[in-house]
Structures are given as C-alpha cells and as structure tokens.
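Participant: Take a look and give me a structure for this.
(one chain, ligands or ions: 1)
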Amino acid sequence: MSRQVFINGNLLSEAEATVSVFDHGLLYGDGVFEGIRVYSGNAFLLQEHVERLYESALAIRLQIPITQQEMTSAVNRTVSANGITDGYVRLVVTRGVGTLGLDMRRTKDPQVIIIADTITMYPQELYENGMELVTASTVRNHPGALSPRIKSLNYLNNILAKAEGTDAGSVEALMLNHNGEVAECTGDNIFIVRNGILKTPPSGAGILEGITRAAVMRLAHKEGITVLETSLERHDIFTADECFLTGTAAEVIAVVSLDSRTIGTGRPGPITQRLQTGFRALTQGT
Ligand code: PMP
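Facilitator: Numbering: from 1, shown residues only. A predicted model of the protein is given here:
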C-alpha cells in the first residue's frame, strides 16, 4: 500500500505529495524538521518534539502556519492513516516558494509535511556488542554561524562528518566543536560514565539538545545516578569507563571504542545497560 503523506492539511498518496522546485527548503535548505519514534501506535515524546520544531522555526524566523495543537493532531492522524504501530515520523516545514534570491520576505506558503514510515535502526549486533566510533575531521557548526540547537534542513555539516565515519567503517562519527571539545555525533548525543558519574557536553558545546538525551538524563536522576553537563575532551572518552549515544532512532547504544582505542572493558557497561533497560521501559509505557 502506498504511504499517505500529510501535506498542508491533506493526506495525499506519496506520488501526489510534492513541493515546488522553487521552495527555499530545496533551494537553500531553508526550513526545519523533526524525527519522532512511534511505539505501539503512539508518537513518543510528541509534545517535546513539536515544541523543539516550533523553537527551531522561531530561531530561523519561520512562522509555521498551524498551531502546535494542530500539528500534534496532524501527526497522530498521519500515523493512524498509515497503520504504523512501530515506526518513525518525519515532520518537515519548509520556507515555501520564493524567488531565486535569498530574501525570505519574497517567499510564501511554508509547506507542512508529515511522513510516517517504518524505521531502519543500527544493526542489532551493535546493540549487543556496542559500536566503534571514529572522530570526524569535520568540525561541528560554529554556534555563531548556524546554531546546532536549530534542527534545520541544512544538515551538510553532519552529512559530511557521517561520510567520514562510513569511510572508516563506522555507522556514526564523533564531531568536535570549534574549540576542539567533544560536541556530539552526526545524529546522536554522547555520554560517558566515569567513576559512576554520567557526563555529557552542555548545550553551549554546540549540540542539538536531544530529546532522548533529556529523557535519559531524567531517567538517570530517578535512578540516583549523578549527571553532569560538562565540557568533555576526547581524552575524557579515551579514559572513560563507559560511553554511549542517545537519539530518537538509536535510542541508547553503547560505544566500545573511539579511533580504535578501547573504552573501558570494550563491552557495553553496567550503567549503559541499566539506562538502556530503563529507556526501553519508557518507550513501552511501563
Ligand atoms: N544530534 C543531532 C545532530 C541530531 O540530528 C539528533 C537527532 N537525530 C540528535 C543529536 C539526537 O536528538 P534526539 O534525541 O532528539 O533524536
């Protein structure tokens, strides 16, 4: 069965759901997006994702033509129309059709697009044994140029870093910021555990403030694990007891080496596993 795509208030077949070649989303990557997981028919942490979408839009001076409440209903409608029980939702808002110039005042009709699909996750083997990570030479966007807090359609920074990971045989790549500190991975946030304390780079390190990251931090608090948002260097990862990534698609996944150097025991660690289990329970609503 063909997918039903939500576009500007209508559910259309995949073939009918199209945008103009003059849309600034296409011409300039001018727009914002979200990725949301569906577990047992429910869009997980939907409110948080919708809020981040509107915040990203505000940051790029893009007015989304529907309310957050309408957006939430539209996501739920699209998920049910496609009969998705476990899958993924992509929310996209483009700047709309404009001239061939950059002027946003000469654009109109931002396009609101919702796609509900199945999900491709990292290979199961990586969830069992942990992943090997490499550091990309591509530096994360300088926050003064394009804030990594904005989930914009302009993802080339991450795409180029991801290609470096792929070239090295890794499914992810670590990105450093312009100060050489650890920022995040191309589509996931990073955590380490050292002496029982959980550490992750702060927002000011130039990261997307992941919704999974926030959920895992809340979970750790509940479990009595100390969490610190603190600047990290690659040194801290090399000398960590445990390391893991978080993301909507990845959930919680262990990292067992960085640039061929083993982290901790080289196996997913006990705190990582505890948080993995706790996170899975959250997604199942248990
Ligand atoms: N960092 C980047 C650059 C991302 O694109 C994402 C989302 N895939 C994340 C971190 C993780 O964020 P979330 O937990 O909200 O999916």
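
Participant: Can you verify my assumption that Lys199 contacts Thr230?
Facilitator: Yes: Lys199 is in contact with Thr230 according to CB atoms under 8 Å; the separation is 5.5 Å. C-beta: built from backbone N, CA, C; applies to glycine.

Participant: So which of these two has more stuff around it?
Facilitator: Lys199 (21 against 12; other CB atoms under 10 Å).

Participant: does that one count as helix, strand or coil?
Facilitator: Following DSSP: H, G, I helix; E, B strand; the rest coil, the label given to Lys199 is strand.

Participant: and the gap between it and the ligand?
Facilitator: According to CB to the nearest ligand atom, to the nearest Å, Lys199 stands 16 Å off from the ligand.

Participant: can you check Phe279 too?
Facilitator: 11 Å.

Participant: Also Gly25?
Facilitator: Following CB to the nearest ligand atom, the distance that separates Gly25 from the ligand is 17 Å.

Participant: ok, for Asn8, nearest residue in space, not its chain neighbours?
Facilitator: Counting by CB to CB, 6 or more residues apart in numbering, Asn8 lies nearest to Val112, which is 5.6 Å off, once chain neighbours are set aside.

Participant: And the pLDDT at the one you found?
Facilitator: Turning to Val112, the model gives it a pLDDT of 98.

Participant: next one: phi and psi at it?
Facilitator: phi -110, psi 120 (degrees, to the nearest 10).

Participant: Going by residue numbers, what spans are helices in this structure?
Facilitator: Here the chain has its helices, by DSSP state H, at 24-28, 46-59, 68-81, 124-129, 156-167, 211-222, 234-238, 270-283.

Participant: Most tightly packed of those?
Facilitator: helix 24-28 (a mean of 21; mean count of other CB atoms under 10 Å).

Participant: CA atoms only: put that one into PDB for me.
Facilitator: The C-alpha coordinates for helix 24-28 follow below in PDB (Å, rounded to 0.1, in the frame of the first residue of the first chain):
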ATOM      1  CA  HIS A  24      13.500  27.500  -0.400                       C
ATOM      2  CA  GLY A  25      13.600  24.300   1.500                       C
ATOM      3  CA  LEU A  26      15.000  22.700  -1.600                       C
ATOM      4  CA  LEU A  27      16.900  25.700  -3.000                       C
ATOM      5  CA  TYR A  28      18.700  26.700   0.300                       C
END
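
Participant: Which elements pack onto that helix?
Facilitator: The contact analysis (3 or more CB pairs under 8 Å, 6 or more residues apart in numbering; DSSP states H and E) places helix 24-28 against strand 87-94.

Participant: and the angle from the strand it packs on to helix 68-81?
Facilitator: Orientation of strand 87-94 against helix 68-81 (axes from the mean of the first three to the mean of the last three CA atoms, to 10 degrees) gives an angle of 140 degrees.

Participant: which strands and helices sit next to strand 87-94?
Facilitator: For strand 87-94, the helices and strands in contact under the criterion 3+ CB pairs under 8 Å, 6+ apart are helix 24-28, strand 31-39, helix 46-59, helix 68-81, strand 112-117.

Participant: nearest residue to Thr283 other than its sequence neighbours?
Facilitator: Tyr39 (4.6 Å).

Participant: Please identify the residues of the stretch 151-286 of the chain in proximity to the ligand?
Facilitator: The interface of the stretch 151-286 of the chain toward the ligand, taken as CB under 6 Å from any ligand atom, is made up of 158, 184, 187-189, 208, 210-213, 246-248.

Participant: run the last query once more with 8 Å
Facilitator: Taking CB under 8 Å from any ligand atom as the measure of proximity, the stretch 151-286 of the chain contacts the ligand at 151, 155, 158, 184-189, 207-215, 246-250.

Participant: Would you mind writing the ChimeraX command to select the buried ones in those residues?
Facilitator: To isolate in ChimeraX the members of these that are buried, counting by 16 or more other CB atoms under 10 Å, one can use:
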select :151,158,184,185,186,187,188,189,207,208,210,211,212,213,215,246,247,248,250
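
Participant: Go through the residues of the stretch 151-286 of the chain next to the ligand and flag which are in strands.
Facilitator: Taking DSSP state E as the definition of strands, these contribute 184-185, 189, 246-247.
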